[in-house]
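Participant: Please find the sequence and the predicted model below.
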Amino acid sequence: MKRFFQVVEKDTSSKRVKSNGEKEANVGSGKEPLVFMSWNANSLLLRLKKNRTELADFIQQLDPDVIAIQEVRIPAAGCKGGMKNQGEVKDDTSSSREEKQILMRAISSPPFSNYHVWWSLGEAKYGGTALFLKHHFQPLKLTFSLDQTSPALKHETDGRVIVAEFESFRLVNTYVPNNGWKDDENGFKRRRKWDQRMLDFVLQVSDKPLIWCGDLNVSHNDIDVSHPEFFGNAKMAGYTPPNEEDCGQPGFTIGERRRFSTILSHSSASKRNWSTYSFIHSIKRNRLYSKKAEDLVYVHSNLQLFTHKESGYKEVGCQAREYRLGCFHCPQTCGSLHKESGYKEVGSHAREYRLGCFHCPLCCT
């Protein structure tokens, strides 16, 4: 989905961010990115092996300025049991060297070669994020932690964060920990700590507008899931959480939804929040089917939808598009729609880029 985001251009001098995790990145080119794509790849290497052509066509057609990727599932450089370099790809074994060669060959070819890439990787084939930015855009600063007072080279555990600061805004790419089903260190407790740190982060960076993208592992409104009652009552067999606010499907518990709403209310990104599922419902509710739905414009201030034939279209200035990838991870994406009666009405006109993935790339401008 594409969405309008106004960025004020400024004339500034240009100095390049030289390397992944450089401590101080100086003033950028003056022109700033406008088109953003966010995608949980569930193994970027696997997508490049099996669906490189489809993915390349998708990126070529969309032509995003920024591609934020989560769950790249590429291990960080470093020996087993030793220190890891989370900004570099592992290549100290024959299998990891082979995988790195495949990866580098792919991203060295168009359209990926049009981008500079920064990595924040985990110790194993789990988690990890990547940020692809067109070469002619230069961030002022890049960091890899929610703690903006920590050294710039410090990465989050499992490579969950990349923050890029530009003249007019900041962009944060996050792979948020799953809440899990139990009140333990890898479940509820971990997620509560993350949410508190995320709240601290948005308060630290409130001096500029924030674009927050990634796999946020939360659906904080009923409209964001297909069956709210079902997900609200979901539970793990043989286990009942000690607190009522932790009951339900991970990502849809009362506690997670409340904390996420608190984060948004304190964030400069709060007025720009949206979800794919509510967008689809808006299409149905306004009966904007077939070709008419291809020219929708999403207006974040009042959630109105316009077609290109309406007067409001020119005032807003861009289209909204939805790319259907046959995904299943989030109930609010389009994986189930192709089996439903409304699919032909809502989605048959939409381009279907089937990458065999678990998550939808979402786009906004």
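Facilitator: Perfect, thanks for sending it. Residues are numbered from 1 along each chain as shown.
Participant: Show the pLDDT at R258.
Facilitator: On pLDDT, R258 comes in at 95.
Participant: what's the answer for M1, then?
Facilitator: On the pLDDT scale, M1 is placed at 33.
Participant: Touching stretch 99-109 from outside, list them.
Facilitator: Stretch 99-109 is contacted by residues 44-45, 48-49, 52, 56, 74, 89-91, 112-113, 115, 117 when judged by C-beta atoms under 8 Å, 6 or more residues apart in numbering. C-beta coordinates here come from the backbone N, C-alpha and C atoms, glycine included.
Participant: and the residues you listed, which are buried?
Facilitator: Buried by 16 or more other C-beta atoms under 10 Å: 44-45, 48, 52, 56, 74, 89-91, 112, 115, out of those.
Participant: Would you report which members of these are assigned to strands?
Facilitator: Secondary structure assignment by DSSP state E places 89, 115 of the buried ones among the contacts of stretch 99-109 in strands.
Participant: Specify the local secondary structure of F230.
Facilitator: Classification of F230 by DSSP: H, G, I helix; E, B strand; the rest coil places it in helix.
Participant: got a list of what it touches?
Facilitator: When the contact criterion is C-beta under 8 Å, 6+ apart, F230 has no partners at all.
Participant: What's the per-residue pLDDT of it here?
Facilitator: On the pLDDT scale, F230 gets 90.
Participant: Touching, L171 and M37? I think so.
Facilitator: No - with contacts counted by C-beta atoms under 8 Å, L171 stays clear of M37, the gap being 11.7 Å.
Participant: Just the buried positions in stretch 186-196, please.
Facilitator: 187-188, 190-192, 194-195.
Participant: Let me see the contact set for S113.
Facilitator: Counting by C-beta under 8 Å, 6+ apart, S113 has contacts I107.
Participant: And it, how far from T240?
Facilitator: Taking C-beta to C-beta, to the nearest Å as the criterion, S113 is separated from T240 by 52 Å.
Participant: Show me where the stretch 101-250 of the chain dips below the pLDDT cut-off.
Facilitator: Along the stretch 101-250 of the chain, segments meeting pLDDT under 70 are nowhere present.
Participant: in it, which spans are helices?
Facilitator: For the stretch 101-250 of the chain, applying DSSP state H, counting those that start in this stretch gives helices covering 188-204, 228-233.
Participant: Let me have these in CSV, extended by distance to G251.
Facilitator: Shown next, in CSV, are those (distance: least, C-beta to C-beta, whole Å):
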stretch, distance to G251
helix 188-204, 10
helix 228-233, 8
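Participant: for those, which one sits closest to L146?
Facilitator: Between L146 and the helices of the stretch 101-250 of the chain, the tightest spacing by C-beta to C-beta is seen for helix 188-204, at 4.3 Å.
Participant: which other residues reach that closest one?
Facilitator: 146-149, 172, 174, 176-180, 182-183, 210, 212, 241, 246, 255-256, 259-260, 262-263, 266-269.
Participant: what's the neighbour count on Q61?
Facilitator: 12 (other C-beta atoms under 10 Å).
Participant: That one sits in which helix or strand?
Facilitator: For Q61, the host element (DSSP states H and E) is helix 52-62.
Participant: elements contacting whichever helix or strand comes after that helix?
Facilitator: With elements assigned by DSSP H and E, the helix or strand that comes after helix 52-62 is strand 66-70. Counting contacts by 3 or more C-beta pairs under 8 Å, 6 or more residues apart in numbering; DSSP states H and E, strand 66-70 packs against strand 36-40, strand 129-134, strand 170-175, strand 210-215.
Participant: For those, please prepare JSON lines with the additional fields distance to V163 and mean neighbour count.
Facilitator: Below are those laid out as JSON lines (distance: least, C-beta to C-beta, whole Å; neighbours: other C-beta atoms under 10 Å):
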{"stretch": "strand 36-40", "distance to V163": "14", "mean neighbour count": "24"}
{"stretch": "strand 129-134", "distance to V163": "9", "mean neighbour count": "23"}
{"stretch": "strand 170-175", "distance to V163": "5", "mean neighbour count": "25"}
{"stretch": "strand 210-215", "distance to V163": "10", "mean neighbour count": "22"}
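Participant: Serialize those to TSV and add fields for distance to R105.
Facilitator: Compiled in TSV, these are given as follows (distance: least, C-beta to C-beta, whole Å):
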stretch	distance to R105
strand 36-40	20
strand 129-134	16
strand 170-175	24
strand 210-215	26
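Participant: quick one: which of the ones you listed is nearest D65?
Facilitator: With C-beta to C-beta as the yardstick, what comes closest out of the helices and strands packed on strand 66-70 is strand 129-134 (5.2 Å).
Participant: Between L171 and M37, which contacts overlap?
Facilitator: In contact with both L171 and M37: 66, 68, using C-beta under 8 Å, 6+ apart.
Participant: A41 contacts R47, doesn't it?
Facilitator: Yes - in this structure, A41 is within contact of R47 by C-beta under 8 Å, at 5.2 Å.
Participant: out of the two, which sits in the busier spot?
Facilitator: Shown here are A41 and R47; by other C-beta under 10 Å, A41 has more neighbours (26 against 21).
Participant: Next, give phi and psi for the more buried one.
Facilitator: phi -80, psi -20 (degrees, to the nearest 10).
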